[in-house]
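A.B. asks: coords below, sequence missing:
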């Protein structure tokens, strides 16, 4: 995508979505995507995951987030990653 290049040129912050957690908004598929997110986090310092405000998304992400400390993960606001991902 050329979006990061253009955003940089015009001075806008940018971030690239790595995982869409609820493209299929079922509890089972959200859990699959959260597992994928964890696998990516074992290889990368940070990733961007997005989700809609579906009840199933909120429930599954809330449950997952309650175990972050034990897994040595932290949530960060998107602004903390703005302009810091490697451009592809």
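C.D. replies: Alright, I've got the coordinates. As the structure is a prediction and not an experimental result, all values here were calculated from the model. Numbering: from 1, shown residues only.
A.B. asks: what separates the residue lying closest to residue 25 once chain neighbours are set aside from residue 60, distance-wise?
C.D. replies: Spatial nearest neighbour of residue 25, chain neighbours left out: residue 54 (4.7 Å); criterion: C-beta to C-beta, 6 or more residues apart in numbering. Glycine gets a C-beta too; all of them are placed from N, C-alpha and C. Per C-beta to C-beta, to the nearest Å, residue 54 is found 9 Å from residue 60.
A.B. asks: just to revisit the earlier point, per-residue confidence for the residue nearest to residue 25?
C.D. replies: With respect to pLDDT, residue 54 has a value of 97.
A.B. asks: That one and residue 24 touch, don't they?
C.D. replies: No - Residue 54 is beyond contact range of residue 24, at 10.7 Å (criterion: C-beta atoms under 8 Å).
A.B. asks: just to revisit the earlier point, residue 54 and residue 60: who's more crowded?
C.D. replies: More crowded of residue 54 and residue 60, by other C-beta atoms under 10 Å: residue 60, with 23 against 15.
A.B. asks: Can you tell me the closest non-neighbouring residue to the more buried one?
C.D. replies: That would be residue 30: by C-beta to C-beta, 6+ apart, it lies 4.2 Å from residue 60.
A.B. asks: OK, contacts around the one you found?
C.D. replies: The neighbourhood of residue 30, defined by C-beta atoms under 8 Å, 6 or more residues apart in numbering, consists of 21-22, 51, 56-57, 60-61.
A.B. asks: Show me what counts as buried in the helix or strand harbouring it.
C.D. replies: In this structure, residue 30 sits in helix 27-43 according to DSSP states H and E. Within helix 27-43, the residues that count as buried by 16 or more other C-beta atoms under 10 Å are 30, 33-34, 37, 41.
A.B. asks: which residues sit against the helix or strand residue 57 falls within?
C.D. replies: Using DSSP H and E, residue 57 sits in helix 55-65. Residues outside helix 55-65 that contact it (C-beta under 8 Å, 6+ apart): 21-22, 25-27, 30-31, 34, 51, 75.
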